[in-house]
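Peer 1: task: produce atomic coordinates for the following.
(one chain, ligands or ions: 1)
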Amino acid sequence: MDRLVIAGGRRLEGEVAVSGAKNAALPILCAALLTREPLILSNVPRLNDICTMLRLLEQMGVKSERDGHRVSLDASDLNNPVAPYELVKTMRASVLVLGPLVARHGEAQVSLPGGCAIGARPVDQHIKGLQSMGAEVGVDHGYVNARAGRLRGARIFTDMVTVTGTENLMMAACLADGETVIENAAREPEVVDLAQCLVSMGAQISGAGTDLIRIRGVERLHGAEHRVMPDRIETGTFLCAAAVTGGDVRLTGTSTGYLDAVVDKLMDAGCDIVGEKTPSFEAIRIRAPHRLQAVSIRTAPYPAFPTDMQAQFMAINTVAEGTAIIRETIFENRFMHAVELQRLGADIRIDGNTAVVKGVDRLQGATVMATDLRASASLVIAGLVADGETTVDRIYHLDRGYERIEEKMNALGARIRREKA
Ligand code: UD1
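Peer 2: Okay, the predicted model is just below:
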């Protein structure tokens, strides 16, 4: 298993390009299941999670070709509507095949994702929604088995805001008979990006980006081309890395538009952040002070502060001036990075879903272990400011969600090397 060794204490400066969004690309790849015609995608990030999704689709009969950041998919010979445990357990987003499979193929067998490091993460809302569209759904031997003739439009109210749940049901509803209304829908920009792709495939969707999405089902969808939106969490992670090192960085191919909550907090911490936009170019420039002010955050569904940026903000608060309160309201077990940050000398107290982070003058390099994707990113950020060397072990999590993170950070002046363990 690879690890990263980070020599701390270097200020980040320069320009780096942000990749396409993992969490938009994953559902959009699954949208290919809804049509017999080719779906051609650009700006698809080169990540392990994307490879896993392509493997999953391939074993269902979907042909895919990849050329750099371009992926073409052809689901004309869909023949095996099964998502096996071996693939689903490595990536929970595999559940996104469920809706499209039932809608187009009339059946699906998808392994239950099970728990993951950050919490239980059930899929009851995905199941409930499909049932209200007329699917028969049962759970046997760890698999969700769903079957339907043509789905029918329904009014669906999800008990909580769920991102992949909204995406699964929106995809299924595209081929249903009649109108589906999803209430309490997730408003995340990735839901909007998926909706835009579906609309270019012939779907009739309105309200994506609000908590009420209407989908009028059509007989069939056709092929399309779509460019995946920029990764707002990668953007936020690099903003934090620049911020904590007192850096001056321009991130290209991304915009502040998806990141208001994060940008606001970084400005509160003392950073100067501006969006730059011309017809052919979009970028964000951040200039950070020598030392950040502590900033408190509370995670909640979009447009509030994203849970996927919580760990990175804990990292920057460890060396800020003052005390920050961090409240995690989405996942019940998402503070595992705190004990690793403590190994670097951070002063963090956890009480239930609240962490109190008292800024210290310096962190000291040590060996730490990555426990999940965003936790890993927080350890890299801490390593950038810690004295001496920080070794981040088990970085396969990072490779699931960040494209060449050490190369991109090094291009900004960091000194990070990858070692084979
Ligand atoms: C997505 C993102 C993930 C992000 C999360 C929250 C992708 C591929 N992943 O995950 O990076 O951290 O949104 O922004 O887009 N829940 C249920 N029952 C359900 C569905 C969800 O109880 O049927 C609960 C979950 O356990 C969690 C909360 O609802 O507590 C939100 O989860 P959800 O939005 O579904 O997360 P994901 O879509 O899995």
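
Peer 1: CA atoms of whichever strand or helix holds Met314 as CSV?
Peer 2: Remark: Met314 resides in helix 310-318, with elements defined by DSSP states H and E. C-alpha atoms of helix 310-318 as CSV (Å, rounded to 0.1, in the frame of the first residue of the first chain):
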residue,chain,number,x,y,z
GLN,A,310,-15.2,19.2,7.4
ALA,A,311,-12.0,17.2,7.9
GLN,A,312,-10.0,19.8,5.9
PHE,A,313,-11.4,22.6,8.0
MET,A,314,-10.5,20.7,11.2
ALA,A,315,-6.9,20.5,9.9
ILE,A,316,-6.6,24.3,9.2
ASN,A,317,-8.1,25.1,12.6
THR,A,318,-5.5,23.0,14.4
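
Peer 1: buried stuff in it?
Peer 2: For helix 310-318, a neighbour-count test (16 or more other Cβ atoms under 10 Å) marks Gln310, Ala311, Gln312, Phe313, Met314, Ala315, Ile316, Asn317, Thr318 as buried. All C-beta atoms are positioned from the backbone trio N, CA, C, and that covers glycine.

Peer 1: which residues sit against it?
Peer 2: 236-237, 240, 243-244, 265, 269, 292, 294-295, 297, 299, 324, 326, 328, 334-335, 337-338, 341, 344, 346-348, 355, 357, 359-360, 363, 374-375, 377-379, 381-382 (Cβ atoms under 8 Å, 6 or more residues apart in numbering).

Peer 1: let's see that with 7 Å instead.
Peer 2: With Cβ atoms under 7 Å, 6 or more residues apart in numbering as the test, helix 310-318 has contacts from 236-237, 240, 243-244, 265, 292, 294-295, 297, 299, 324, 326, 328, 334, 337-338, 341, 346, 355, 357, 359-360, 363, 374-375, 377-378, 381-382.

Peer 1: from those residues, which ones fall inside helices?
Peer 2: Filtering these for membership in helices, criterion DSSP state H, returns 236-237, 240, 243-244, 265, 337-338, 341, 374-375, 377-378, 381-382.

Peer 1: most surrounded residue in those?
Peer 2: Ala382 (32 neighbours; other Cβ atoms under 10 Å).

Peer 1: so where's this structure uncertain?
Peer 2: Low-confidence segments of the chain (pLDDT under 70): 114-121.

Peer 1: how much space between the nearest residue in space to Val360 that is not next to it in sequence and Arg232?
Peer 2: Distance criterion Cβ to Cβ, 6 or more residues apart in numbering; nearest residue to Val360, sequence neighbours excluded, is Asp347 at 5.4 Å. Going from Asp347 to Arg232 by Cβ to Cβ, to the nearest Å gives 29 Å.

Peer 1: residues of the stretch 301-421 of the chain that sit close to the ligand?
Peer 2: Residues of the stretch 301-421 of the chain lying close to the ligand (Cβ under 6 Å from any ligand atom) are Thr307, Asp308, Ile330, Phe331.

Peer 1: isn't the second one up against Asp231?
Peer 2: No: with contact defined as Cβ atoms under 7 Å, Asp308 does not reach Asp231; the gap is 10.1 Å.

Peer 1: and what about the residue in the chain sticking out farthest from the centre, helix, strand or coil?
Peer 2: The C-alpha centroid of the chain is most remote from Gly149, which lies 32.4 Å away (Cα atoms, centre = their mean). Following DSSP: H, G, I helix; E, B strand; the rest coil, we place Gly149 in the coil state.

Peer 1: next up, the contacts around it.
Peer 2: Here Gly149 is in contact with Gly106 (Cβ under 7 Å, 6+ apart).

Peer 1: spell out which residues of the protein are next to the ligand.
Peer 2: Checking the chain against the ligand by Cβ under 6 Å from any ligand atom, the hits are 23, 26, 92-93, 119-126, 160, 162-165, 190, 307-308, 330-331.

Peer 1: mind checking which of those are buried?
Peer 2: 23, 26, 92-93, 123, 125-126, 162-165, 190, 307-308, 330-331.

Peer 1: show me what the residue lying closest to Glu225 once chain neighbours are set aside is bridged to.
Peer 2: The shortest distance from Glu225 to any non-neighbouring residue, by Cβ to Cβ, 6+ apart, is to Ile40 (4.5 Å). Here Ile40 sits in beta bridges with Ser72, Glu225, going by DSSP bridges.

Peer 1: same deal with Glu389?
Peer 2: Ala7.

Peer 1: what's the burial count for the closest residue to Arg36 other than its chain neighbours?
Peer 2: Leaving out its chain neighbours, the residue that sits closest to Arg36 by Cβ to Cβ, 6+ apart is Ser76, at 4.4 Å. When neighbours are defined as other Cβ under 10 Å, Ser76 has 12 of them.

Peer 1: try Ser376
Peer 2: Ser376 has 29 neighbours, counted by other Cβ under 10 Å.

Peer 1: look up how far Arg417 lies from it.
Peer 2: As defined by Cβ to Cβ, Ser376 lies at a distance of 16 Å from Arg417.

Peer 1: quick one: the strands in the stretch 301-421 of the chain?
Peer 2: Using DSSP state E, counting those that start in this stretch, the strands of the stretch 301-421 of the chain run over 323-327, 347-351, 354-358, 367-369, 389-393, 415-420.

Peer 1: same check on the stretch 1-150 of the chain?
Peer 2: In the stretch 1-150 of the chain, the strands defined using DSSP E, counting those that start in this stretch lie at 2-7, 13-17, 39-42, 63-67, 70-74, 82-83, 107-111, 136-140, 143-147.

Peer 1: need the ones you listed in CSV with mean neighbour count and distance to Cys174, can you?
Peer 2: Shown next, in CSV, are the strands of the stretch 1-150 of the chain (neighbours: other Cβ atoms under 10 Å; distance: least, Cβ to Cβ, whole Å):
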stretch, mean neighbour count, distance to Cys174
strand 2-7, 19, 40
strand 13-17, 15, 32
strand 39-42, 21, 13
strand 63-67, 13, 21
strand 70-74, 20, 16
strand 82-83, 21, 19
strand 107-111, 21, 15
strand 136-140, 12, 19
strand 143-147, 19, 16
